[in-house]
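Trainee: mind folding the following:
(one chain, ligands or ions: 1)
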Amino acid sequence: SSSGLIVSFGEMLIDFVPTVSGVSLAEAPGFVKAPGGAPANVAIAVTRLGGKSAFVGKLGDDEFGHMLAGILKQYGVKAEGINFDQGARTALAFVTLRADGEREFMFYRNPSADMLLKPEELNLELIRSAKVFHYGSISLIVEPCRSAHLKAMQVARDAGALLSYDPNLRLPLWPSAEDAREQIMSIWEKADLIKISDVELEFLTGSDKIDDASAMSLWHPNLKLLLVTLGEKGCRYYTKNFCGHVEAYHVNAVDTTGAGDSFVGALLCKIVDDHSLIEDESRLREALKFANACGAITTTKKGAIPALPTADEVLSLMKG
Ligand code: ADP
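Mentor: You can find the predicted model right below:
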């Protein structure tokens, strides 16, 4: 089926994950490569579901950068918006979930190629052809990528795209929590659609109360849809005219990495050819069920990208 293009902007990187679970980074006997980066996961979630997507961002002109570009191509994500930096290297992360339940991170980003995308390097023709422009990356906070990001958002908006934002807060990456909050809120009002998690809701409001009032305190007049994902509890949605809850599907979750990206990709697939779906509660709820089912399946397998389902798999979970 022919569908509109979803352009996903931001970072793509490699997570190195210990070969055994529950160890600290220092104790890991070895690591496996897990390609990721939230915007890249979203782009692949879309093509897995049968939609059309492009990734816009910068990679290092190194082994890892070409490996990542190859993965996008392998999944059918359009690659004309990818630049390779001749100097800086592809971003890398070492990530583990220790036995004590704490996540431990170590990043190579000083700076990595994704942070060095320049406004003049953007493929504007590709960005203008987007029906949905999705973004949400740490690269937003540093120049020159910040300027490239703001320009891409403006170009996409002027061409009629719906702007979709997921802050993807990973605190260890930010200079400080205050910085993170400020940077996220500085572009908050530019988005039509925002997806946050319950953890991000707590962080952005500065209160541990997660309810409709705290979600609505983040509302702004330009916003069309605010989504708060709640893991195994599903999601809540807020629009100008209505709000509500959509329950999650019961699955045997083994690794929640990528669930949020999968959720976003699925929702955007439903919205891309029909922006008005947002204003119709019953159709929006159908789309959110699809997104919940897609997120749920993603938790049943290890890793983010290898766990992203096809549309048939999602529909079969929904049929029960
Ligand atoms: P994020 O990855 O951004 O924190 P969530 O973990 O809330 O996002 O997951 C996004 C969506 O994926 C949820 O709204 C839910 O529909 C689905 N999901 C996540 N975890 C589970 C789970 N354990 N069981 C069922 N569905 C889940």
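
Trainee: for the ligand, what are the nearby residues on the chain?
Mentor: 197, 229-232, 234-235, 248-249, 251, 253, 256, 259-260, 263, 292, 295-296, 299 (CB under 6 Å from any ligand atom). Where C-beta positions appear, they are placed from N, C-alpha and C, glycine not excepted.

Trainee: looking at these, which are in helices?
Mentor: In this view, the residues of the chain next to the ligand that belong to helices under DSSP state H are 259-260, 263, 292, 295-296.

Trainee: quick check: the residue of the stretch 1-150 of the chain at minimum distance from the ligand vs residue 10, distance?
Mentor: Closest to the ligand within the stretch 1-150 of the chain is residue 38: 8.4 Å, counting by CB to the nearest ligand atom. The gap separating residue 38 from residue 10 is 7 Å, by CB to CB, to the nearest Å.

Trainee: can you name every helix or strand that the helix or strand hosting residue 312 contacts?
Mentor: For residue 312, the element it lies in under DSSP states H and E is helix 311-319. With contacts taken as 3 or more CB pairs under 8 Å, 6 or more residues apart in numbering; DSSP states H and E, helix 311-319 sits against helix 281-298.

Trainee: list the buried residues in the helix it packs on.
Mentor: 284, 287-298 (16 or more other CB atoms under 10 Å).

Trainee: give the helix, strand or coil label for the nearest residue to the residue of the stretch 1-150 of the chain closest to the ligand once chain neighbours are set aside.
Mentor: Spatial nearest neighbour of residue 38, excluding adjacent residues (CB to CB, 6 or more residues apart in numbering): residue 168 at 4.4 Å. What DSSP: H, G, I helix; E, B strand; the rest coil gives for residue 168 is coil.

Trainee: can you pull the contacts of residue 168?
Mentor: By CB atoms under 8 Å, 6 or more residues apart in numbering, residue 168 lies in contact with 38, 136-138, 260.

Trainee: re the thing from before, got the angle between the helix holding residue 312 and helix 281-298?
Mentor: Helix 311-319 and helix 281-298 meet at an angle of 110 degrees, taking axes from the mean of the first three to the mean of the last three CA atoms, to 10 degrees as the criterion.

Trainee: give me the helix or strand of the protein that scores worst on average pLDDT.
Mentor: helix 177-186 (a mean of 85; mean pLDDT, DSSP states H and E).

Trainee: where does pLDDT dip in the stretch 51-200 of the chain?
Mentor: 139, 171-172 (pLDDT under 70).

Trainee: correct me, but residue 252 touches residue 300?
Mentor: Yes: using CB atoms under 8 Å, residue 252 makes contact with residue 300 at a distance of 6.0 Å.
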